[in-house]
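**Q** test case, fold it:
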Amino acid sequence: MDSEKKVSSRSMKVLTVQNIEGVAGSEKYFLALLPALIEKGVDCTVYCVYKKENLAGAQQFFDLLDALKIPYILHEANSYGSLSIPKKIANTYKQENFDIIHCHLIYADFWGAMIKKFYCKKAKVISTKHGYHESTYVKYCIRPEELPRNLYSRLFKFTHKQMDHSYACSYGLVDFYERAKLIKKGSMDVIQHGFDYPEIGEYDQSKYRFSALQLIIVGRLIERKGHHMMFEIMPQLIQKYPELKLVILGNGELEGQLKQLAKSLNIEYSIEFLGFKNEVELYLAASDIAVVPSYSEGLPLVIFEAFNAKVPVVTFDAIGCNELVENGKSGLIAEAFSKDDLRFQIHKLIENEALRKELGQNGYDRLKGHFSLNRMVKDTLAYYELVLKG
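**A** Below is the predicted model:
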């Protein structure tokens with residue numbers, strides 16, 4: 001091994017790369033992991049590529065990086081496909097003497113692959129997989145063997161082959177990739193997420209609670225999150241529980257459609273669209289049940305947040321969700337995409353306050369026992385050291 005690569009965590013330099021359009025799962029992952037790595041002595045910098053039209057959403061992330069004192073580099077681009085992006089990343093890697101380029105999401109994987117192939121073949125480039133193409137993932141999440149061979153799948157396979165190492169945030173994702181024949185069996189590792197959330201003490205819940213019976217969905221308003229399935233069972237739930245309110249935290253491209261759906265179902269007065277909020281944990285802790293009706297996830301951060309708030313979770317038997325929730329122990333799992341079963345599981349929890357408390361406490365214990373930030377940091381540091389030895 002070359003002498004310059006004999007680095008410890010105290011001298012390791014890692015350049016984290018991603019296109020930024022807002023604050024979603026991967027960005028929250030950075031905000032948890034990077035300060036902890038920096039505390040361990042790793043020199044971490046985030047290379048943020050953004051488009052001018054997405055600056056408002058991206059600025060939310062930049063502000064959070066500033067607040068946490070995480071160094072970052074801004075790169076405004078007209079197109080994520082521009083080869084000037086990997087060229088500049090490679091120049092930064094060489095000029096600033098980084099040890100590792102750590103890519104997240106498909107565009108960054110493309111830039112990393114270009115760096116390996118054309119700009120700096122000796123660079124150590126790794127990738128973390130958080131999911132797959134949104135609309136395709138929704139359609140094929142339970143039948144990956146039928147995944148279409150298109151430009152995205154070819155790009156995924158190409159970039160994976162260029163990486164020195166790759167890991168996914170969940171075992172379910174690796175299984176999906178293998179069954180879809182996107183990767184060879186055993187060619188991708190797993191480092192599950194882990195977080196240390198602050199304890200939620202006593203607080204005035206009146207600002208965060210809108211009814212005596214409150215359900216909540218946290219997540220972007222996109223198809224994969226499955227909001228419409230929850231909306232479609234709301235009329236029956238409201239008929240039995242007229243006081244029921246559903247709080248929606250998040251924004252996204254489907255906001256208009258979802259509001260129209262609520263109106264057409266005559267449930268608009270039972271739904272609170274609150275948009276993006278920083279105080280997610282306070283809204284969760286003020287709610288009775290957290291519903292996660294996603295078609296598929298990587299490893300959904302909202303479930304971690306619900307565990308920390310000791311609020312019980314109802315979700316589908318879907319990738320990522322079923323890896324976190326132990327059915328009947330740390331939450332309830334409905335049959336995949338069955339609205340009737342989703343309604344049944346929610347009804348079961350509404351009717352049983354003791355079960356809600358039990359599942360909420362068990363979820364909290366599961367978060368603290370296995371999905372800790374310390375465990376994820378240790379796994380990530382060991383992975384970086386493995387990469388540098390290769």
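**Q** only C-alpha atoms from now on, for both contacts and neighbour counts.
**A** Noted.
**Q** Tyr177 is in contact with Ile183, isn't it?
**A** Yes. Judged on CA atoms under 8 Å, Tyr177 makes contact with Ile183 at a distance of 5.9 Å.
**Q** neighbour count for these two, which is higher?
**A** Tyr177 (22 against 19; other CA atoms under 10 Å).
**Q** for that one, report the pLDDT, please.
**A** Looking at Tyr177, its pLDDT is 97.
**Q** need the three-state assignment for Glu323.
**A** Under DSSP: H, G, I helix; E, B strand; the rest coil, the three-state class of Glu323 is helix.
**Q** now Tyr47
**A** strand.
**Q** beta partners for it?
**A** Beta-bridge partners for Tyr47, by DSSP bridges, are Val17, Ile73.
**Q** what's the distance between it and Phe176?
**A** Here the criterion is CA to CA, to the nearest Å. By it, Tyr47 lies 29 Å from Phe176.
**Q** excluding chain neighbours, what is closest to His347?
**A** Among residues not flanking His347 along the chain, Leu237 sits closest, at 7.8 Å (CA to CA, 6 or more residues apart in numbering).
**Q** go ahead and confirm that neighbour touches Phe344.
**A** No. With contact defined as CA under 8 Å, Leu237 does not count as touching Phe344 (9.7 Å).
**Q** CA-only coordinates of the helix or strand of the chain with the lowest mean pLDDT in CSV, if you can.
**A** When the helices and strands of the chain are scored by mean pLDDT, DSSP states H and E, helix 134-140 comes last with a mean of 88. Output in CSV follows, covering the C-alpha atoms of helix 134-140 (Å, rounded to 0.1, in the frame of the first residue of the first chain):
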residue,chain,number,x,y,z
GLU,A,134,-38.6,6.8,-8.2
SER,A,135,-41.4,5.9,-10.5
THR,A,136,-39.8,2.6,-11.6
TYR,A,137,-39.2,1.6,-7.9
VAL,A,138,-42.9,2.2,-7.2
LYS,A,139,-44.0,-0.1,-10.0
TYR,A,140,-41.5,-2.9,-9.6
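**Q** now tell me what touches it from outside.
**A** By CA atoms under 8 Å, 6 or more residues apart in numbering, the residues outside helix 134-140 that reach it are 131, 146-147, 223-224, 295-296.
**Q** got a list of what Ile115 touches?
**A** By CA under 8 Å, 6+ apart, the contact set of Ile115 is 86-87, 89-90, 121, 123.
**Q** quick one on the thing from earlier: list the buried residues of the least confident helix or strand of the chain.
**A** Neighbour-count burial for helix 134-140 flags 137-138, 140 (criterion: 16 or more other CA atoms under 10 Å).
**Q** same deal with stretch 13-28?
**A** Per 16+ other CA under 10 Å, stretch 13-28 contains these buried residues: 13-23, 25-27.
**Q** next one: stretch 166-185
**A** For stretch 166-185, a neighbour-count test (16+ other CA under 10 Å) marks 166-183 as buried.
**Q** does Ile101 touch Asp109 like I think?
**A** No. Contact criterion CA under 8 Å: Ile101 and Asp109 do not qualify, at 10.1 Å.
**Q** going on from the helix or strand in which Gln260 is found, what's the next piece of helix or strand?
**A** In this structure, Gln260 sits in helix 255-264 according to DSSP states H and E. Using DSSP H and E, the helix or strand that follows helix 255-264 in sequence is strand 271-275.
**Q** what residues does that next one touch?
**A** Here strand 271-275 makes contact (CA under 8 Å, 6+ apart) with 245-251, 262.
**Q** columns neighbour count and secondary structure on top of the residues you listed, output as a markdown table?
**A** A markdown table is the format used below for the contacts of strand 271-275 (neighbours: other CA atoms under 10 Å; DSSP: H, G, I helix; E, B strand; the rest coil):
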| residue | neighbour count | secondary structure |
| --- | --- | --- |
| Lys245 | 24 | strand |
| Leu246 | 26 | strand |
| Val247 | 25 | strand |
| Ile248 | 21 | strand |
| Leu249 | 22 | strand |
| Gly250 | 19 | strand |
| Asn251 | 17 | coil |
| Ala262 | 20 | helix |
